[in-house]
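I need the structure of the sequence given here:
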Amino acid sequence: MNEGKRFENNVKKSVDANTYFLRLNDSSPAGYGDQKTMRFSLQSPYDIILFKNNKMYSVELKSTKAKSISFDGSSPMIKKHQLKELERALCYGINAGFLLNFRTSET
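Below you'll find the predicted structure:
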């Protein structure tokens with residue numbers, strides 16, 4: 001299991017039983033070729049939705065060995081569509097943000 005999936009599993013385990021937890025499915029190009037050669041695929045808006053005490057949370061999870069998270073460039077860790085969807089969630093009164101795991105230091 002890769003470190004990112006391990007982080008996701010740890011987050012899920014840390015959520016108490018009184019909290020609704022939904023992991024959104026990652027988009028995939030249906031197993032055909034690799035993603036660099038695909039012309040299109042569905043884009044997941046963020047990783048998880050949590051709901052507790054009448055509050056909803058939209059959260060993007062990232063785990064990295066790097067010391068920073070990139071938002072720009074040819075291969076950003078946080079994609080523009082994810083930022084847009086988290087901002088859109090905020091417009092509806094949903095708490096939205098990131099849970100970042102810097103594996104060389106702390107989450």
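
report pLDDT for S75.
With respect to pLDDT, S75 scores 88.

now do the SS call for it.
coil (DSSP: H, G, I helix; E, B strand; the rest coil).

what number of residues lie near it?
As a burial measure, S75 scores 7 neighbours (other CB atoms under 10 Å). In short, each C-beta sits where N, CA and C put it, glycine included.

how about the backbone phi and psi for it?
With angles defined as degrees, to the nearest 10, S75 sits at phi -140, psi 70.

hey, where'd the strands end up in this protein?
20-23, 48-52, 55-64, 95-102 (DSSP state E).

name the stretch among these that sits most buried.
Neighbour counts (mean count of other CB atoms under 10 Å) averaged over each of the strands of the chain peak at strand 55-64, with a mean of 18.

quick one, that strand and strand 95-102 angle?
Strand 55-64 and strand 95-102 are oriented at 20 degrees to each other (axes from the mean of the first three to the mean of the last three CA atoms, to 10 degrees).
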